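**Student:** Here is my input, please return the structure:
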Amino acid sequence: MYQHLISAVLDRIGGNVCYMGYGYCLTGLEYMLVSRKGHFRITSDIYPMIAEAHNTSVSNVERNIRTMVDACWYDGDRELIQRICHRKHKPSNGAFLAGLYSHLARQLHLMDKPACRAAAAAEKSGKGSGDF
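**Tutor:** As a prediction, the model looks like this:
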């Protein structure tokens, strides 16, 4: 449903479809946008859902998303990542996904939903890289 928009943003920040983490981020962000819960726990909500969708382990999902974040940070558009994630340093997996979620939700005008506004506020304040 949102794959084209998510891919466009991942490509702009320097994501490469050759990384497994690219597909994992795509799956996770689409799930987050469709469910619109506003509060996600990365280790108990997002990673297991991605692992099941891709028939792999949770640790593999975490590692490959981390590799994707590293590749984007070191070889991609660092300034854009800093603006999206509201951080000067390399974001954690949770901060990366939270920043992208908030960015995409704003583009899709989902931020008028109270849960999405709460997620954006938590992500911007930098609270809890595992929960957002």
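
**Student:** I'd like the mean pLDDT over stretch 14-27, please.
**Tutor:** Averaged over stretch 14-27, pLDDT sits at 96.

**Student:** tell me which residues in it are buried?
**Tutor:** 14-15, 19-27 (16 or more other CB atoms under 10 Å). From N, CA and C alone the C-beta is placed, and that goes for glycine too.

**Student:** show me the contacts for the most centrally placed residue in the chain.
**Tutor:** Centroid check for the chain by CA atoms, centre = their mean gives Leu97 as the closest residue, at 1.8 Å. Counting by CB atoms under 8 Å, 6 or more residues apart in numbering, Leu97 makes contact with 25, 28-29, 32, 40, 42, 46, 65, 132.

**Student:** Just the buried residues of stretch 14-27: which are in helices?
**Tutor:** 20-27 (DSSP state H).

**Student:** gap between the residue nearest to the centre of the chain and Gln107?
**Tutor:** For Leu97, the distance to Gln107 equals 16 Å [CB to CB, to the nearest Å].

**Student:** picking up where we left off before, nearest to Val61 among the ones in helices among the buried residues of stretch 14-27?
**Tutor:** Tyr24 (5.3 Å; CB to CB).

**Student:** if I read this right, the closest one contacts His54, doesn't it?
**Tutor:** Yes - with contact defined as CB atoms under 8 Å, Tyr24 reaches His54; the gap is 6.7 Å.
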